[in-house]
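In: sequence first, then the predicted structure:
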Amino acid sequence: LFPLLLALSQQIRPDSLDDVQGLVRVAAGALTLDTVNQLELDVASVLPSGEVELVADGRDRSALARAGIPYTLVHTDLAAFYASRLTPREAIRGTPPLGAWLVPQFGAGSMGGYYTYLEVASVLDQIHAAYPSLTTAKFSIGTTGQGRTLWAMKISDNPGVDESEPEVRFDAMHHAREPESMQSTFWLMLALLERYGTDALSTYLVNAREMWFVPCVNPDGYEHNRSTNPSGGGLWRKNRRANAGGTIGVDLNRNYDYQWGFDDSGSSPSGSNETYRGTAPASEPEIAAMQAFILSRSFAVAISAHTYSDLWLWPWGYVAAGPPNNAQYVELGDLCTLETNWTRGPAGLTLYLANGVTVDYDHALEGTLAFTPEIGNSSDGFWPPTGRIVPLAQITEPGFLRSAWAAGAYVHEQSRTISEVGDGDGFYEPGESFRLVFDLRNSGRATSGAVEVELESTTPGVTVTTGSVNLGALAPFSGATHAGQPLELALGAGMTTGTSVNYVARIVYEGFVQEFPGSFGLGQPRPFLTDDLELQLGWTVGAPGDAATTGVWAYGDPVGTLNGSAPSNPGDDATLAPGVRCFATGNGSTTAGGDDVDGGPTTLTSPRLQLSGVSGATLSYRRWFANATVLNDALEASLSDDDGASWVQLENVTGATSNSWIEKSFAVEDFVALTDQVRLRFRTGDQPNDSLTEAGVDEIAFETFDAGLKLNFYGRPTIGDDIVMHVAAPPGEPWRVLGYVALPGTPSGALGPRKVWRFRLPSGASPANGLARVTLTIPDEPALLGLTLQAQAFLNGTLQRSNVAEITFQ
């Protein structure tokens, strides 16, 4: 954990029950900083709920009891618990997306999947051998107290040349019990190198930045953990300095020469304490080497990675305040946590005080924008399960990439406005124009080169009237727009309503191209099938392979739950009043985690969707996905056009979300054919069961730009139950529907006089939105079983008729 709290030291291997370090949880508000200092407690994490997790042996627990502080014992032997979740190297299966070519492959190191110190050196050698033109050979920045080398590597397009490019540093493992910080640092290196030449951002960063990596700052402490817990799970934190009085170790992240020893709250003068700051600033050879390395470069941005708590921290640590440029930290911190939604802020304000720390030194002496991510949640702990090594590295990657981006010019889209130029109705029609305006922001530390925005379309009939605009250079932490000179496409007067217009917008600067593809339909979209889920019209819960033990999809008025102050299960559906119902995962508890998804998956499948005879169909829905701070928990949405025999994924929602209803929209024909056997499916799970996971679905709708008369039935056609009939017609036009039940032996097809069993169906006038939605109750007549109803809609007084829609009664 980032060094913010005072802690009891682990001096020798436990030889009694009192010496065995466990994990306890203390209620929010029950601990003060004075109590932490007085009892010398080892604070592992502060949860979003405000509860505090402590690494505590038997003596610590007795001290808590004597102080009248209640606690919950979570794990009696924390190291053994961590070890129980780690897989031996020879039993690790699967191929990681990156680093599969390494020996051992990424996520398959000898300490339960984590690389040992010797493997760190070997991996650096292998990386250089594979990418000699983009990396330096590993080099030493210094030596530890026990004589081990502090290895570093540089990544850039000309690694052997000291170019005048923005410089970035990534370091990890100041604390020996936090190996995921090292793994996540290696993951970033692999992402940059393996994607070079194919991924635009990785290529740009390698070409336009000089990036240095120090994956293990505390080899001595890490090797000590290997000696005591060779399979992983060791809890030693400090280095291995032999202190006066017989104690061992200095907290390397209290030993930096800025505000060192500012007070005894942010570090300890006692060698028996986990936050012991040493005898003098930079007294430890590891920190003396790090400081010399820092002063030899000009790092614009630095990341010093730690675990755990799902935090993104920055200076100051030594006082409860942010630096003068705190607004820049906030801006970049928000961008770096877009996917994770981690808590972020100055370290001394966000948690507790800590002096002599890396980020304060970086910021004060070099003016560096310095961050400390605390990777992983409470379930992950200091040694996340082997299966979490890759997911945690993946969720950290975007923030690491954006940090490197911000070392120079970080020009990105802040917002995008599209508009119609024509009759002003907001819809794009033949003969009108499409306009696009970017609002741009440079969230980086350098002035950019000239920035150009571009617009292109290859759709027949579309003419690019304004295809590029030059905005000039953008100063650091400033914005720009081209609202006075929008990008524009002219839509040919001869184009057909319903045509899908595809375009690509771009932001270009310094040889870096960011592309934003988009599309829109010509004409006015109108709904032709909707489900606000106020009626249960045949959705199916469950599918082969479902294994969720709790949090199974449930229909009804959702029961809201809170995880701290953040909503977990939705408290309301997405439909405007008087609507109240939706599908949500588990409605059986009012507390977060009481009926959230455990295990999984749990599957929700729609009834058949009649989409044949429609062109340019667009699907939209509202979905909820909450408290997903890890990538192995997901909400997957899929479509099938063959009644569920095969599925095509629409989206796979992972990472932290806004814990709110989000509307999503998709062009159906980009994924499946428009048949009468289309189904929509949602699946979610918590696998492994290590986090809060909740999901919801509401407000399903299909729209089309097709102006023709359309008819469909929606719902499970069970006798005695309700279904919905949709008639899409011009607003205000009267319509009627004729239906016949096909007798056995009668072929399907257009309605004809041979179908003599007439089915009584309603008539009406099309409402303002052009979609009549009528609920029908199927007669409870057993004679209907297995028979097929065929129906067709007609506009009164015209020859216009719809497609033939049919359902077979069950």
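Out: Cool, got the structure.

In: and the pLDDT for the spatially closest residue to residue 560 that is not a sequence neighbour?
Out: With sequence-adjacent residues excluded and distances taken as Cβ to Cβ, 6 or more residues apart in numbering, residue 560 is closest to residue 571, at 2.4 Å. For the C-beta atoms, the positions are set from N, CA and C on the backbone; glycine is no exception. Residue 571 is assigned 91 on the pLDDT scale.

In: so residue 571, which state does it fall into?
Out: Of the three states, residue 571 takes coil under DSSP: H, G, I helix; E, B strand; the rest coil.

In: and it, how far is that from residue 489?
Out: Distance, residue 571 to residue 489, using Cβ to Cβ, to the nearest Å: 43 Å.

In: between those two, which one's more packed in?
Out: Neighbour comparison, residue 571 and residue 489: the larger count goes to residue 489, with 24 against 13 (by other Cβ atoms under 10 Å).

In: dump the residue contacts of the nearest residue to the more buried one once chain neighbours are set aside.
Out: Of all residues not flanking residue 489 in the chain, residue 434 sits nearest, at 4.4 Å (Cβ to Cβ, 6+ apart). Applying Cβ atoms under 8 Å, 6 or more residues apart in numbering to residue 434 gives the contacts 418-421, 428, 488-489, 491, 501, 503, 520.

In: doesn't residue 434 belong to a strand?
Out: Yes: secondary structure of residue 434 (three-state DSSP): part of a strand.

In: residue 183 sits in which helix or strand?
Out: Using DSSP states H and E, residue 183 sits in helix 179-194.

In: CA atoms only: put whichever helix or strand comes after that helix into PDB for me.
Out: Remark: after helix 179-194, the chain's next helix or strand is helix 200-208, criterion DSSP H and E. Output of helix 200-208 as PDB, limited to C-alpha atoms (Å, rounded to 0.1, in the frame of the first residue of the first chain):
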ATOM      1  CA  ALA A 200      -1.800   4.400 -33.200                       C
ATOM      2  CA  LEU A 201      -1.300   5.500 -29.500                       C
ATOM      3  CA  SER A 202       1.400   2.900 -28.700                       C
ATOM      4  CA  THR A 203       3.300   3.900 -31.800                       C
ATOM      5  CA  TYR A 204       3.000   7.600 -31.100                       C
ATOM      6  CA  LEU A 205       4.200   7.200 -27.600                       C
ATOM      7  CA  VAL A 206       7.300   5.100 -28.500                       C
ATOM      8  CA  ASN A 207       8.100   7.600 -31.300                       C
ATOM      9  CA  ALA A 208       7.500  10.800 -29.400                       C
END
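
In: packing partners for whatever helix or strand comes next after helix 200-208?
Out: Using DSSP H and E, the helix or strand that follows helix 200-208 in sequence is strand 210-214. On a contact count with 3 or more Cβ pairs under 8 Å, 6 or more residues apart in numbering; DSSP states H and E, strand 210-214 meets strand 149-155, strand 167-172, helix 179-194.

In: can I get those in JSON lines including mean pLDDT and distance to residue 293?
Out: Output for the helices and strands packed on strand 210-214, formatted as JSON lines (pLDDT from 0 to 100; distance: least, Cβ to Cβ, whole Å):
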{"stretch": "strand 149-155", "mean pLDDT": "99", "distance to residue 293": "7"}
{"stretch": "strand 167-172", "mean pLDDT": "99", "distance to residue 293": "8"}
{"stretch": "helix 179-194", "mean pLDDT": "99", "distance to residue 293": "15"}
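
In: these: which one's closest to residue 696?
Out: Ranking the helices and strands packed on strand 210-214 by proximity to residue 696 (Cβ to Cβ) places helix 179-194 first, at 31.0 Å.

In: which residues does the closest residue to residue 298 other than its chain neighbours contact?
Out: The spatial neighbour of residue 298 that comes closest, neighbours along the chain excluded (Cβ to Cβ, 6+ apart), is residue 167 at 5.5 Å. By Cβ under 8 Å, 6+ apart, residue 167 lies in contact with 209-212, 297-300, 407.

In: want to try CSV for those, with neighbour count as columns?
Out: Compiled in CSV, the contacts of residue 167 are given as follows (neighbours: other Cβ atoms under 10 Å):
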residue, neighbour count
209, 22
210, 26
211, 27
212, 22
297, 17
298, 13
299, 23
300, 24
407, 26
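
In: gap between the nearest residue to residue 496 once chain neighbours are set aside and residue 609?
Out: Nearest residue to residue 496, sequence neighbours excluded (Cβ to Cβ, 6+ apart): residue 522, at 7.0 Å. The gap separating residue 522 from residue 609 is 24 Å, by Cβ to Cβ.

In: what does residue 41 give?
Out: Between residue 41 and residue 609 the computed distance is 58 Å (Cβ to Cβ).

In: residue 562 too?
Out: Look at residue 562 and residue 609: by Cβ to Cβ, they are 35 Å apart.

In: who's more crowded, these two?
Out: Neighbours per residue (other Cβ under 10 Å) separate residue 562 from residue 609, with residue 609 holding more: 25 against 15.

In: so how many other residues sit close to the residue nearest to the more buried one when sequence neighbours are not counted?
Out: Beyond its immediate neighbours in the sequence, the residue positioned closest to residue 609 (Cβ to Cβ, 6+ apart) is residue 678, lying 4.1 Å away. By the criterion of other Cβ under 10 Å, residue 678 has 26 neighbours.

In: residue 258 should be in a helix, yeah?
Out: No: using three-state DSSP, the assignment for residue 258 is coil, not a helix.

In: can you pull the contacts of it?
Out: Residue 258 neighbours (Cβ under 8 Å, 6+ apart): 318, 356, 360-361, 364-365.

In: could you list the low-pLDDT ranges of this protein?
Out: 1-17, 564-565, 627-632, 655-658, 688-690, 742-760 (pLDDT under 70).

In: and it, what are its domains?
Out: Domain ranges of the chain: 84-406, 411-521, 526-704, 710-808, per automatic domain parsing.

In: out of those domains, which one sits most buried?
Out: Counting by mean count of other Cβ atoms under 10 Å, domain 84-406 has the highest mean neighbour count of those, with a mean of 21.

In: quick one, helices of the stretch 251-400 of the chain?
Out: 285-296, 326-336, 347-350, 358-366, 389-406 (DSSP state H, counting those that start in this stretch).

In: gap between the shortest one and the chain center?
Out: Between the mean C-alpha location of helix 347-350 and the chain-wide mean there is a distance of 24 Å, by Cα atoms, centre = their mean, to the nearest Å.

In: next up, the contacts around the closest residue to residue 611 other than its chain neighbours.
Out: Closest residue in space to residue 611, ignoring its immediate chain neighbours: residue 674 at 4.2 Å, by Cβ to Cβ, 6+ apart. Shown in contact with residue 674 (Cβ under 8 Å, 6+ apart): 611-615, 617, 641, 668.

In: helix or strand for residue 674, which one?
Out: For residue 674, there is no enclosing helix or strand under DSSP H and E.

In: that one and residue 737: what is the separation?
Out: Residue 674 is 21 Å from residue 737, by Cβ to Cβ.

In: and if you look at residue 716?
Out: From residue 716 to residue 737 the distance is 20 Å (Cβ to Cβ).

In: list the contacts for residue 493?
Out: Counting by Cβ under 8 Å, 6+ apart, residue 493 has contacts 430-431.

In: need phi/psi at it.
Out: phi -60, psi -20 (degrees, to the nearest 10).

In: returning to that earlier point: so which of the contacts of residue 434 sit within strands?
Out: Counted as lying in strands by DSSP state E, out of these, are 418-421, 488-489, 491, 501, 503, 520.

In: picking that back up, elements contacting the helix holding residue 183?
Out: helix 117-130, strand 149-155, strand 167-172, helix 200-208, strand 210-214, strand 299-305, helix 389-406.

In: dump the ones you listed to CSV, plus distance to residue 455.
Out: Formatted as CSV, those follow (distance: least, Cβ to Cβ, whole Å):
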stretch, distance to residue 455
helix 117-130, 39
strand 149-155, 34
strand 167-172, 32
helix 200-208, 18
strand 210-214, 33
strand 299-305, 32
helix 389-406, 24
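
In: out of the ones you listed, the one nearest residue 343 is which?
Out: Proximity to residue 343 (Cβ to Cβ) singles out helix 389-406 among those, at 13.2 Å.
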